[in-house]
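Asker: Sequence first, then the predicted structure:
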Amino acid sequence: MKKRFKSFVILVAVAGLASCGPEASSEVTSATSASDDTSVVTSDTTSEVTSEYVGKTNEDFTTAKTTYMDEFDKEHNLNMNTIYDNAGQPHNMNLNDPENPSHVMIVPFGFNDPATDPTETAENRDRIETAFLGTDEEIAEVGGCYSVQSFYNQSSYGKSAFNGTVLPNWVEYPGSADDFEASCGGAAGAYASNYVRDWYIAEYSKDSNHGSLGADAEPLSYYDSNDDGYIDLMWTVYSKPYESGGLGNWWAYVTMTGNQPGTVDAPNVATLGWASISFLDEGYSGYDTHTFTHETGHTFGLEDYYDYNNLWSCIGGVDYMDHNLGDHNAFSKFSLGWVNPLVVDDSAIITINSFTDSGDCFLLPSPNYNGTAFDEYFLCELDGPTGLTENDYKYGYSTTTGFKTPGLRVLHVDARVTRGDHDTYLADNPEDGNTFRIGNSKGGRSGIHTDGDYFLRDDGTKGYMSLLSMVESSVNEEKNTTTTNNYNASSDSLFQKNARLNFGNRYSWAGTYMPSGTNLWNKAQKTTGWDTKDLDLKTVDTDYDATIDFSLKVLSITGDSDSGYQAQVQVTYDK
C-alpha cells in the first residue's frame, strides 16, 4: 500500500538473511528480453569469461564515498542525515553506529471510546511488539515474514543499529477518537506524540514503580541517545482503524513536530511515526509489517519514489519506497551510507552478487562526478527473488508483483543537491546541501517548482526529470511504460543474459529514457532564472559534449536461490 507522505530517518543492526514462504527450487526460469539475443539465466556456476581475459575488472576501480573530510581533516558521514541536518530537520538517529544504537519509543495509543476499547488489549499490545521487534523465529511462529527491526537489520548489512521499546500498556487519550480529532487541528501524529511525551514524564514521576510504566521503565532521557534534546524516534500505533484514501488524520505517515530541543532530562519529540494497528491485518495472519517498514524508511530520510500527481511510475512499483515491496534499492542504501558502489569509469568486466544479499553494485558516472550519492549517474544492481526480496517477489504484495527471475536492474539517478536555489547545484560540496532539486513527481510538488523539473529540449518541449528512474530491458524506443501511472515492472524489465544497453544511439535507449531526448546527461543543461515569470530573464545553456558514452552487455547470470545469484557485466566506453 502506498503512503502519500514525505518524511524522515532511523534504524538498524545485523542478522542473517532469512526468507519467507516455501523453499525455492534451484531451477530458474528466464524471461525474455528486448535484445537481439535470447535471454537465458543459467543455474550452474560456470563463468563465461575465460582466464585469457586481461582487461579491467572490479579490482581496478575505487568505490564511491559515503563520508567527507572537513577543513580540520575530521571525517564525517555523508548521507541523508546530513541533508536533513542542514535543513534544520535532524533525524536524530545514529545511522552508522551500531555500538551506540538509537532508542525508539513504540507507543500503543488508545482512546476512551467504546468503539476502540475492544482493540486495546494486552494481546494486541504484544502483537505490536512482535511486529516491530520480533526475532525471525518469533515472526515465523505467528505466520509473519519479518519484523520491522529484522528487516532493517538485514537491509543495512549491519551498518546501523535499532533498539526499540514498546510501552507496557496502552496509553489512553482522555476522550473519544472524535474528541481527539477535534482537538488535534489536522496534525494527529504530532498532537498524539506531544501528549505521550508529557504523559510519560508525569507517569514516570508518580512513584518508585513509575505508575503504569512499571518499575523497570527508563527515564525519558533514555530515548535521547545522542543527548541532542530530542527523542530519537516515537512510533505511535493507534487503535482506531485507518481510513482509506490517505492524507487524513487516520492514515499512516512520518513527519516532524517542529518542536525546539528539550532538556537532557525532558527531550522533546521531533521525528514521529503514526499508523493504525489495523495495517497489521492486511495479511500474514495479523502480522503484516509492510506499511510500518515503508514508513520507517521515511524515518531514515528516504523519499517516496511514486508520483504524488499520479502521472508516471518511475521505477515500476518494485521497491519498498514505491509499493512497499521487496527491499530498498541501491540508491536508497547508497544515500544512507550502507553501500559503496564501484565507480566504473572505463571499459571492464564487472562481477556482482545479488544486491539484497551482498550490497554489491556499481555506477557509471556523469562528467565531473563528485564521488558521492549526491550527483548524477547510472546505478546497476543484480536483483531477483532471494534473501529479503524472495517472499514479496514470488508472491507479490497488495496489487504489485516482483521480479520472479534475476537480472540487472539499471537506475538513472539525478540526486544533485542544492540549498534551495533551483539555479544552483552543489556539485563540489554536496555535504552542504539541504534538499534535492529533483523529485519523482511529474509536474512538481510541495517544495519543488510547480511546473516540475525538466530538460528544455531543442524543439522547445520539456523532458521531465526524476530523482530515480528505471531503464527497462523490455521497452522499445516508441514507448516508455514507466511513464504510465501505477505501472508494475516485471522480470522482463531487468537486463538478463545477453541483453544489451547502449546509450550511444540517439534514437534508441537515450531517446526513450533521457529527459533530453538524446544521450545528453541532465547536468549537460544549466538553467538560471528558474523561478522567474519573465521568460526573457531565464537562460538555458547546454553543453552538447556532455554525452553518455557507455554500453552494457550482461554476459552471464549464475547461481540459485539458495546461494544467491552472480552476474558478469561487460561495460564498454566509447572514448
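Answerer: Received the coordinates, thanks. Numbering: from 1, shown residues only.

Asker: Kindly confirm my reading that residue 552 forms part of a strand.
Answerer: Yes. According to DSSP: H, G, I helix; E, B strand; the rest coil, the state of residue 552 is that of a strand.

Asker: okay, now it: neighbour count?
Answerer: Residues lying near residue 552 (other CB atoms under 10 Å) number 24. Every C-beta, even on glycine, is put in place using the N, C-alpha and C of the backbone.

Asker: Correct me if wrong: it contacts residue 573.
Answerer: No. Counting by CB atoms under 8 Å, residue 552 does not reach residue 573; the two are 10.7 Å apart.

Asker: For residue 118, which three-state class applies?
Answerer: helix.

Asker: For it, the count of nearby residues, please.
Answerer: Residue 118 has 9 neighbouring residues, counting by other CB under 10 Å.

Asker: quick one: it and residue 189, what's the gap?
Answerer: For residue 118, the distance to residue 189 equals 23 Å [CB to CB, to the nearest Å].

Asker: again, but for residue 385
Answerer: To residue 189, residue 385 is 35 Å away according to CB to CB.

Asker: again, but for residue 497
Answerer: 47 Å.

Asker: cool, residue 366 as well?
Answerer: Residue 366 sits 38 Å away from residue 189, going by CB to CB.

Asker: These two: which is more packed in?
Answerer: residue 189 (25 against 21).

Asker: My guess is the more buried one contacts residue 276. True?
Answerer: No. Assessed by CB under 8 Å, residue 189 is found out of contact with residue 276, at 11.5 Å.

Asker: the helices in the stretch 251-400 of the chain, which residues?
Answerer: 290-298, 330-335, 355-358, 390-395 (DSSP state H, counting those that start in this stretch).

Asker: Minimum distance to residue 74: which of these has it?
Answerer: Proximity to residue 74 (CB to CB) singles out helix 330-335 among the helices of the stretch 251-400 of the chain, at 21.8 Å.

Asker: Give me the contact list for the closest one.
Answerer: 64, 66, 79-80, 155-156, 297, 301-302, 319-321, 339-341, 355, 359, 361, 373-374, 379-381, 409, 411, 413, 415, 468 (CB atoms under 8 Å, 6 or more residues apart in numbering).

Asker: try 7 Å this time
Answerer: Helix 330-335 has contacts (CB atoms under 7 Å, 6 or more residues apart in numbering) with 79-80, 302, 321, 339, 341, 355, 359, 361, 373, 379, 381, 411, 413, 415, 468.

Asker: repeat for stretch 419-431
Answerer: 68, 78, 82, 368, 370, 372, 374-375, 416-418, 432-435, 437, 449, 527-531.

Asker: Please apply the same query to stretch 354-364.
Answerer: Here stretch 354-364 makes contact (CB under 7 Å, 6+ apart) with 17, 64, 157, 327, 330, 333, 338-339, 341-344, 350, 352-353, 377-384, 386-389, 406, 550, 564-565, 571.

Asker: Please work out the average pLDDT along that stretch.
Answerer: In this model, stretch 354-364 carries a mean pLDDT of 97.

Asker: Any idea how far it is from the middle of the chain?
Answerer: Distance of stretch 354-364 from the chain centroid (CA atoms, centre = their mean, to the nearest Å) equals 15 Å.

Asker: who wins for most neighbours among the contacts of helix 330-335?
Answerer: Counting neighbours by other CB under 10 Å, residue 373 comes out on top of these with 30 neighbours.

Asker: ok, that residue to residue 336 distance?
Answerer: Distance, residue 373 to residue 336, using CB to CB: 9 Å.

Asker: for residue 518, same thing?
Answerer: Distance from residue 518 to residue 336, by CB to CB: 32 Å.

Asker: More neighbours: which of these two?
Answerer: Under the criterion of other CB under 10 Å, the comparison of residue 518 against residue 336 puts residue 336 first, with 28 against 21.

Asker: which residues does the nearest residue to that one once chain neighbours are set aside contact?
Answerer: Spatial nearest neighbour of residue 336, excluding adjacent residues (CB to CB, 6 or more residues apart in numbering): residue 79 at 5.3 Å. For residue 79, the contacting residues are 66, 95, 335, 336, 337, by CB under 7 Å, 6+ apart.

Asker: My read is that residue 305 contacts residue 312, right?
Answerer: No. In this structure residue 305 lies outside contact range of residue 312 using CB atoms under 7 Å: 11.0 Å.

Asker: what about these two, which has more around it?
Answerer: Applying other CB under 10 Å to residue 305 and residue 312 shows that residue 305 carries more neighbours, namely 27 against 22.

Asker: Just the pLDDT at that one, thanks.
Answerer: Looking at residue 305, its pLDDT reads 95.

Asker: just residue 273 next, same as before
Answerer: At residue 273, the pLDDT value in this model is 96.

Asker: Next one: the residue nearest to residue 241 when sequence neighbours are not counted from residue 291, what distance?
Answerer: Nearest residue to residue 241, sequence neighbours excluded (CB to CB, 6+ apart): residue 278, at 4.4 Å. Taking CB to CB as the measure, residue 278 falls 10 Å from residue 291.

Asker: can you check residue 453 too?
Answerer: 29 Å.

Asker: ok, now residue 100?
Answerer: Distance of residue 100 to residue 291, computed by CB to CB: 28 Å.

Asker: Below-threshold pLDDT in the stretch 1-150 of the chain: ranges please.
Answerer: For the stretch 1-150 of the chain, the stretches with pLDDT under 70 are 1-51, 91-96.

Asker: Please identify which of residue 100 and residue 291 sits among more neighbours.
Answerer: The residue with more neighbours, out of residue 100 and residue 291, is residue 291; 22 against 10, by other CB under 10 Å.

Asker: Could you pull up the residues touching residue 184?
Answerer: With contacts defined as CB under 7 Å, 6+ apart, the neighbours of residue 184 are 191, 249.

Asker: please redo it, this time with the cut-off set to 8 Å
Answerer: The contact partners of residue 184, by CB under 8 Å, 6+ apart, come to 190, 191, 192, 249.

Asker: Repeat that for residue 76.
Answerer: With contact set as CB under 8 Å, 6+ apart, residue 76 has these partners: 67, 68, 69, 70, 82, 431.

Asker: so which of these is the most crowded?
Answerer: Busiest of the contacts of residue 76 [other CB under 10 Å] is residue 82, holding 26 neighbours.

Asker: Now it. Nearest residue, chain neighbours left out?
Answerer: Nearest in space to residue 82, with sequence neighbours left out and distances taken as CB to CB, 6+ apart, is residue 431 at 5.9 Å.

Asker: hang on, the earlier thing: show me the contacts of helix 330-335 that map onto strands.
Answerer: 379, 381, 411, 413, 468 (DSSP state E).

Asker: Out of those residues, which is nearest to residue 169?
Answerer: residue 468 (41.8 Å).

Asker: what is the closest one paired to in the beta sheet?
Answerer: For residue 468, the beta-bridge partners are residue 413 (DSSP bridges).

Asker: which one's the longest helix in the chain?
Answerer: Using DSSP state H to define each element, the chain has its longest helix at helix 188-204.

Asker: who's in contact with the helix or strand that comes right after that helix?
Answerer: The element immediately downstream of helix 188-204 (helix or strand, assigned by DSSP states H and E) is strand 230-231. Strand 230-231 has contacts (CB under 8 Å, 6+ apart) with 90, 92, 105, 197, 220, 223-224, 259, 261-262, 267-271.

Asker: From those, list just the buried residues.
Answerer: When the contacts of strand 230-231 are checked for burial by 16 or more other CB atoms under 10 Å, the buried set is 90, 92, 105, 197, 220, 223-224, 259, 262, 267-271.

Asker: thought residue 546 was touching residue 524?
Answerer: Yes. Applying CB under 8 Å as the test, residue 546 and residue 524 come out as touching, 3.6 Å apart.
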